[in-house]
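Asker: with the sequence up front, the predicted model follows.
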Amino acid sequence: MDAGKQFFTALEALRGIAAIMVMFLHTGGTLGPIPANISYLAVDLFFLLSGVVLANSYENRLTAGQISPTGLLLQRIIRLYPLYLLSLPIGLFSYALKNALDYSTLTDLLLRAILFIPSASQEGIFPFNGPSWSLFFELWAGVLFSVLLIRLSFRSLLAIALGAAGITMYGALLAGNFDIGPEAVDFRFGFSRVLFSFSLGICLYRLYEVQKPTTVNNGNISGLLLCGCLIFITNIPARIFFGFPFFDFLICLVVFPAIVWLAMRTRQTGLVELIFRWLGRLSYPLYILHGPIFSLLQSLRQKGFDLPASPAAGMVVVVGIFIAAGIAAVHFDEPVRKKLRIMVAPNPASAVPAVSNAGTE
């Protein structure tokens, strides 16, 4: 493990909470009618956290030549692909059930999904797994980070973040809010959206390294309060500020960085630390598996299956997704990634990071 690398437990919790908020946003009627909220901004928090985490994990190693840009891309593929590939058969079956397309069209869409090539489908640029659109931009940001962003000064990074924010703001003014990037019509703004928050995340980490702020060692209460703030913010009804994306801009530029900055200064212990680590461990499985599952339930309803759509029945599905995410993380994702890292590492003894860091790399 990189000697300079740190583990921010509270960031794991924020990532987990954000994944849960996105999951509830995409329930698709499984929980009954739920008013739309601004939890789409959780994706911007993901991008911000990725900037912090990649800078923490890889910036020194890239600068020292311990890992190449190609090596970092390979690590990101190993981190993201196993569970993503696991989700594709569910998404394929759901999409075929809903649209009754021919085999050649489905094969083309499946190949595009495997290669992460965006589609012009009306159901999003990645119709087999809607939320995976952000992974495309995560990979793109990782490549840009390894070849360019690590070479830039703090001021240059901040300037790039603000420039990208301006482009994103233009797209948000056209769309009504910051929920842009997952559809073909606004796909181009996904690049500026990720660059905005991702660059801010790198800036936050560099600022943390320079200032070395005082750490709140017994930060259980602080960490829980920050999680509560995130839950409150993402549950603000979308209709209140639709057509006024300056509110979304304020959240992404000021509020989310402030929450992450405070979270980086806390350390959790005991049960709270355990819960926070598990939230981080489950965050990616929850995020990548929930979309195809909810989509399949919708497809089955459209085909005449009488599936209950009530809060009680929906919670059963949500609990089931949590269980599936836990099983997938422990018995599939982590073992597969461990074997893949051993296979590609020049020094197998240092190939596998500690399990507790699995959710952050």
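Answerer: Now that the structure is in, tell me what you want to look at.
Asker: which stretches of the stretch 201-350 of the chain form helices?
Answerer: Counting by DSSP state H, counting those that start in this stretch, the segments of the stretch 201-350 of the chain that form helices are 220-234, 238-241, 246-250, 256-264, 270-302, 311-328, 334-344.
Asker: dump the shortest one to CSV, restricted to CA.
Answerer: Read it as helix 238-241. Presented in CSV, the C-alpha positions along helix 238-241 are these (Å, rounded to 0.1, in the frame of the first residue of the first chain):
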residue,chain,number,x,y,z
ALA,A,238,-36.9,18.7,-7.3
ARG,A,239,-39.9,20.7,-8.2
ILE,A,240,-38.9,23.5,-5.8
PHE,A,241,-35.8,24.5,-7.8
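Asker: one step back: between the helices of the stretch 201-350 of the chain, which one is nearest to residue 153?
Answerer: helix 256-264 (18.5 Å; Cβ to Cβ). For glycine as for every other residue, the C-beta is placed from the backbone atoms N, C-alpha and C.
Asker: could you list every helix and strand that that closest one packs against?
Answerer: helix 9-25, helix 42-54, helix 188-211, helix 220-234 (3 or more Cβ pairs under 8 Å, 6 or more residues apart in numbering; DSSP states H and E).
Asker: of all the ones you listed, which one is nearest residue 276?
Answerer: Nearest to residue 276 among the helices and strands packed on helix 256-264 is helix 9-25; the distance by Cβ to Cβ comes to 3.9 Å.
Asker: so for residue 187, what's the nearest residue that isn't a sequence neighbour?
Answerer: Nearest residue to residue 187 in three dimensions, chain neighbours excluded: residue 125, at 5.7 Å (Cβ to Cβ, 6 or more residues apart in numbering).
Asker: could I get the helices of the stretch 201-350 of the chain as CSV with mean pLDDT?
Answerer: Shown next, in CSV, are these (pLDDT from 0 to 100):
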stretch, mean pLDDT
helix 220-234, 96
helix 238-241, 92
helix 246-250, 97
helix 256-264, 97
helix 270-302, 94
helix 311-328, 91
helix 334-344, 94
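Asker: and the pLDDT for the residue nearest to residue 187?
Answerer: Predicted confidence (pLDDT) for residue 125: 93.
Asker: how about residue 348?
Answerer: For residue 348, the model assigns a pLDDT of 53.
Asker: same check on the one 5 residues further on?
Answerer: We note a pLDDT of 48 for residue 353 in this prediction.
Asker: same deal with residue 2?
Answerer: For residue 2, the model assigns a pLDDT of 47.
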